[in-house]
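Asker: I would like to see how this sequence folds:
(chains A and B)
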Amino acid sequence: MNRGARSGLFAVAALGMAALLGWAFAAAPAFGAPSHPYGDLAVQTALAGRATANAIASVTFDQRGLDTMGEEFILFAAVLGASVLLRREPDEFADPDDDEGARDRPSPGPSPEMIHLAGYLVLPVVVVVGIYVIAHGHLTPGGGFQGGIVLATALHLLYIAGDYPALRRLRPQRVFEISEASAAAGYVVLGLVGLAVSGAFLYNLLPYGTLGQLASAGTVPLLNVAVGLEVGSAMVLLLAEFLEQTLILRRRPGGGSNGARA
Amino acid sequence: MSVLISVVLLLTAVAGTGVVMTREPVHQAMVLSVLGLVLAILFVVLAAPDVGLSQLVVGAAVLPLMVLLALAKIRAQERR
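Answerer: Residues are numbered from 1 along each chain as shown, chains lettered A, B, ... in the order given. Predicted coordinates for the structure are as follows:
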């Protein structure tokens, strides 16, 4: 197809898309309009029926828990794919002593000790924040996804506070692989228990408790913990693959495949 | 639409354009991080703090970090 035909095809598609979007937007409620029929129902269900102070958590883990399971496994599959792509090739070898990245840094900076100290000071605070965000996911904004990434970030402060070998020692990838897989499975198991008890997958079988209490919302906090563990471990594994590729793995000299294989 | 929302929407447009206009990949990762932060503020202003938190940790921190690590790997290989 030549350039003119391609542009013509694009113009037709773009005009059609613009017309359809314009038609859809014309019938949509105005920006900031007070009428939200689904939102009102979801919030009312969360607060009155299900004792979940954070209505968002009620929607994601209780009213539409199945969708969240799908999202969790999207992340699971994405991390799996990245791990396969970034695996150690036969012509690569691990060289923990070769600090290749050092050449990218023009100088060690004004005061590395200050950065190390800041890392050590911030690390425990970030761990507490991560646990808080997961544990209070059904009460305040946050939850397993956000808290899990905060916890994974906390672990990587070790890289800033110490060095990469320090992070490597405290990050046994095998352990995180197991915790990621079992947390992902834990979500499904909670769903299956609901199925066995009531006949509905992910049925919220625990008592709802009192609105606003830490022990409320039934299974929502448990699902938050499962997602937090899964997302945190997944993020640690993903960053580990990238860090290993950048800092540790080197192509064997004279491997013969340099440049030949893209 | 309040003044605050208009200002943050404008900032988002500026930051997004900035990402596209920045051609040097390392600088682009930094501008991308700024866009992530501005988007997180936009979500909070629009009364969606849950999404804002996710956007903050993923868009402003983890995504630019992965871009930077990939760039470092590519550059280390090009030197050889």
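Asker: spell out which helix or strand contains residue A:93, please.
Answerer: Per DSSP states H and E: residue A:93 is located in strand A:92-94.
Asker: can you tell me which helices and strands that strand packs against?
Answerer: Helices and strands touching strand A:92-94, by 3 or more CB pairs under 8 Å, 6 or more residues apart in numbering or on different chains; DSSP states H and E, are strand A:249-251. C-beta: built from backbone N, CA, C; applies to glycine.
Asker: adjacent strands (with direction) for the strand it packs on?
Answerer: Take DSSP bridges as the rule and strand A:249-251 pairs in its sheet with strand A:92-94 (antiparallel).
Asker: are the helix or strand just after the partner strand and chain B in contact anywhere?
Answerer: Remark: after strand A:92-94, the chain's next helix or strand is helix A:112-135, criterion DSSP H and E. Yes - using CB under 8 Å from any CB of the partner chain, helix A:112-135 reaches chain B at residue A:133.
Asker: which helix or strand lies directly C-terminal to helix A:112-135?
Answerer: helix A:144-161.
Asker: in the very next helix or strand once past that following helix, which residues are buried?
Answerer: Using DSSP H and E, the helix or strand that directly follows helix A:144-161 along the chain is helix A:164-169. Neighbour-count burial for helix A:164-169 flags A:164, A:167-168 (criterion: 16 or more other CB atoms under 10 Å in any protein chain shown).
Asker: what packs against helix A:164-169?
Answerer: With contacts taken as 3+ CB pairs under 8 Å, 6+ apart, helix A:164-169 sits against helix A:144-161, helix A:220-247.
Asker: indicate which one of these is closest to residue A:115.
Answerer: Closest approach to residue A:115 among these (CB to CB): helix A:144-161, 6.3 Å.
Asker: do the closest one and chain B meet at all?
Answerer: Yes - with CB under 8 Å from any CB as the criterion, chain B is reached by helix A:144-161 at A:145-146, A:149-150, A:153.
Asker: could you pull out the helices for chain B?
Answerer: B:3-21, B:25-45, B:49-57, B:63-79 (DSSP state H).
Asker: per-residue confidence at the residue in the stretch 1-150 of chain A positioned nearest to chain B?
Answerer: Nearest residue of the stretch 1-150 of chain A to chain B (CB to the nearest CB) works out as residue A:141 at 3.8 Å. Residue A:141 is assigned 89 on the pLDDT scale.
Asker: excluding chain neighbours, what is closest to it?
Answerer: Closest residue to residue A:141 apart from its sequence neighbours, by CB to CB, 6 or more residues apart in numbering or on different chains: residue B:49 at 3.8 Å.
Asker: tell me how many other residues crowd that neighbour.
Answerer: By the criterion of other CB atoms under 10 Å in any protein chain shown, residue B:49 has 19 neighbours.
Asker: how far away is it from residue A:54?
Answerer: 10 Å (CB to CB, to the nearest Å).
Asker: joint contacts of the two?
Answerer: Taking CB atoms under 8 Å, 6 or more residues apart in numbering or on different chains as the criterion, residue B:49 and residue A:54 both touch residue A:141.
Asker: what about residue 60, how many residues nearby?
Answerer: Here I'm looking at chain A. 23.
Asker: wrong chain, I was asking about chain B
Answerer: Residue B:60 has 19 nearby residues by other CB under 10 Å.
Asker: go on, residue A:236?
Answerer: Neighbours of residue A:236 (other CB under 10 Å): 25.
Asker: wait, what's in contact with it?
Answerer: Counted by CB under 8 Å, 6+ apart, residue A:236 has contacts A:152, A:155-156, A:171, A:176.
Asker: ok, now residue A:137?
Answerer: Taking CB under 8 Å, 6+ apart, one finds A:54, A:57, A:143-144, A:146-147, A:220-221, A:224, A:228 in contact with residue A:137.
Asker: any idea how far the residue of the stretch 1-150 of chain A closest to chain B is from residue A:219?
Answerer: The value you get for residue A:141 to residue A:219, if CB to CB is used, is 20 Å.
Asker: if you count surrounding residues, which of the two has more?
Answerer: residue A:219 (22 against 19).
Asker: quick one, phi psi at that one?
Answerer: phi -80, psi 0 (degrees, to the nearest 10).
Asker: pretty sure it is in contact with residue A:208, am I right?
Answerer: No - Residue A:219 is not in contact with residue A:208 according to CB atoms under 8 Å; the separation is 9.8 Å.
Asker: which of the helices of chain B sits most buried?
Answerer: Comparing the helices of chain B by mean neighbour count (mean count of other CB atoms under 10 Å in any protein chain shown), helix B:49-57 comes out on top with a mean of 21.
Asker: tell me the mean pLDDT for that helix?
Answerer: 91.
Asker: measure how it sits relative to helix B:63-79, angle-wise.
Answerer: Interaxial angle of helix B:49-57 relative to helix B:63-79 (axes from the mean of the first three to the mean of the last three CA atoms, to 10 degrees): 20 degrees.
Asker: circling back: between the buried residues of helix A:164-169, which is nearest chain B?
Answerer: Among the buried residues of helix A:164-169, and counting by CB to the nearest CB, the member closest to chain B is residue A:164, at 11.8 Å.
Asker: quick check: residues of the stretch 151-262 of chain A near chain B?
Answerer: A:153, A:235, A:238-239, A:242-243, A:245-246, A:251, A:258.
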